[in-house]
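[1] Sequence and predicted structure, then a few things I'm wondering about:
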Amino acid sequence: MTNLPTLTAGLFLACFSCLLPASAVPTRPAGIAATPERPWLASAPVRLSPPERAVYLAAFEQHVARTYVQAHLTAAALPLTVYREALLGFYNLQQRGHIGANCHTLSIADFSQSSNRERLWVVDIDQGRLLYHTLVAHGKNSGEEYARTFSNVEGSEMSSLGFYVTGPTYQGKHGLSLRLRGVDAGYNTNALGRAVVVHGAAYVSQGFIGQHGRLGRSQGCPALPESEAPAIIRAIKGGSVLYVHGPAESGYRSELLALDAALLAFAQSQGLTNRLG
């Protein structure tokens with residue numbers, strides 16, 4: 001029997017989905033997935049038939065609500081709408097072949113929240129399990145306590161919004177660090193060139209907040225507490241997804257939030273396409 005929190009979350013998401021504009025519906029026929037061998041397919045949008053969209057959307061919203069409740073993300077102060085947005089991007093990246101079918105790890109940094117709050121979550125979206133929840137810094141030129149401005153420009157020392165795929169680790173001046181590949185066109189594709197990486201830093205701590213009234217800031221990297229960074233880096237390295245969410249006024253509008261492409265990838269991952277056919 002579906003529990004009340006899951007049902008409530010599911011009903012909210014169902015109503016939220018009805019508000020999506022029709023113009024957000026992409027236009028590539030269903031059943032054709034982008035792969036590393038066929039990357040050109042990623043540029044052609046997906047269009048689901050109305051029956052497909054109805055079935056896949058209902059299942060997707062149920063999955064969002066179920067894993068959100070299972071991972072106790074309300075108590076962890078991750079907004080449901082931000083989590084849903086992150087999942088849309090996750091499945092779009094899967095549809096485009098940027099991540100593998102066995103990837104189930106999604107990291108979310110919500111830079112619309114105060115830097116004094118624990119605003120990074122690492123979630124196993126298959127098991128509905130919160131793996132890590134901690135502080136994360138934004139770039140020094142993005143703002144003080146709150147991140148207000150964002151940039152993809154070399155030397156800006158600002159954070160970049162959008163979706164990243166994690167790369168390999170290396171030993172740098174901050175110890176174990178993790179390279180990030182920005183895959184969100186117009187928002188973060190210069191991440192590698194800017195050396196925007198995940199690393200630990202002494203200025204990411206409750207002690208720093210107590211002394212300065214806000215978290216320390218980076219040169220654009222999503223920096224983590226030194227004590228937690230190595231474990232988190234090892235957990236998310238090598239092809240998982242990081243989503244950096246910003247405030248509404250940032251104007252973030254990514255093609256990686258396309259609904260139909262995400263629904264198709266989700267349906268394929270759940271075996272729904274075979275059942276519908």
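    Everything's here; your move.
[2] how about the helices in the stretch 51-200 of the chain?
    80-95, 191-194 (DSSP state H, counting those that start in this stretch).
[3] the strands in the stretch 151-277 of the chain, which residues?
    Secondary structure of the stretch 151-277 of the chain by DSSP state E, counting those that start in this stretch: the strands cover 162-172, 175-182, 197-198, 200-201, 224-225, 241-245.
[4] Can you lay out those as CSV showing mean pLDDT?
    Formatted as CSV, the strands of the stretch 151-277 of the chain follow (pLDDT from 0 to 100):
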stretch, mean pLDDT
strand 162-172, 98
strand 175-182, 98
strand 197-198, 98
strand 200-201, 98
strand 224-225, 98
strand 241-245, 98
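[5] Redo those strands as JSON lines? Include mean neighbour count and distance to residue 51.
    C-betas here are computed from N, CA, C, even on glycine. Converted to JSON lines, the strands of the stretch 151-277 of the chain look like this (neighbours: other C-beta atoms under 10 Å; distance: least, C-beta to C-beta, whole Å):
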{"stretch": "strand 162-172", "mean neighbour count": "18", "distance to residue 51": "29"}
{"stretch": "strand 175-182", "mean neighbour count": "20", "distance to residue 51": "36"}
{"stretch": "strand 197-198", "mean neighbour count": "26", "distance to residue 51": "42"}
{"stretch": "strand 200-201", "mean neighbour count": "20", "distance to residue 51": "49"}
{"stretch": "strand 224-225", "mean neighbour count": "24", "distance to residue 51": "44"}
{"stretch": "strand 241-245", "mean neighbour count": "26", "distance to residue 51": "29"}
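[6] In CSV: these, plus distance to residue 61.
    Below are these laid out as CSV (distance: least, C-beta to C-beta, whole Å):
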stretch, distance to residue 61
strand 162-172, 20
strand 175-182, 28
strand 197-198, 30
strand 200-201, 36
strand 224-225, 31
strand 241-245, 18
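[7] Nearest to residue 125, out of these?
    strand 241-245 (9.3 Å; C-beta to C-beta).
[8] in its sheet, what does that closest one sit against?
    strand 105-110 (parallel), strand 162-172 (antiparallel) (DSSP bridges).
[9] before we move on, back to that, possible to save the helices of the stretch 51-200 of the chain as JSON lines with mean neighbour count and distance to residue 138?
    Formatted as JSON lines, those follow (neighbours: other C-beta under 10 Å; distance: least, C-beta to C-beta, whole Å):
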{"stretch": "helix 80-95", "mean neighbour count": "23", "distance to residue 138": "16"}
{"stretch": "helix 191-194", "mean neighbour count": "18", "distance to residue 138": "14"}
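[10] a markdown table for those, including distance to residue 241 and mean pLDDT?
    Formatted as a markdown table, the helices of the stretch 51-200 of the chain follow (distance: least, C-beta to C-beta, whole Å; pLDDT from 0 to 100):
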| stretch | distance to residue 241 | mean pLDDT |
| --- | --- | --- |
| helix 80-95 | 5 | 98 |
| helix 191-194 | 14 | 97 |
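[11] Quick one: closest of these to residue 121.
    Of all the helices of the stretch 51-200 of the chain, helix 80-95 sits nearest to residue 121, with 8.2 Å by C-beta to C-beta.
[12] Would you reformat the helices of the stretch 51-200 of the chain as JSON lines and include distance to residue 207?
    Output for the helices of the stretch 51-200 of the chain, formatted as JSON lines (distance: least, C-beta to C-beta, whole Å):
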{"stretch": "helix 80-95", "distance to residue 207": "28"}
{"stretch": "helix 191-194", "distance to residue 207": "28"}
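[13] between those helices, which gets nearest to residue 183?
    helix 80-95 (6.6 Å).
[14] before we move on, back to that, switch the strands paired with strand 241-245 over to TSV; also include distance to residue 93.
    Listed next are the strands paired with strand 241-245 as TSV, based on distance: least, C-beta to C-beta, whole Å:
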stretch	distance to residue 93
strand 105-110	10
strand 162-172	6
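[15] Which of the ones you listed sits closest to residue 199?
    With C-beta to C-beta as the yardstick, what comes closest out of the strands paired with strand 241-245 is strand 162-172 (6.5 Å).
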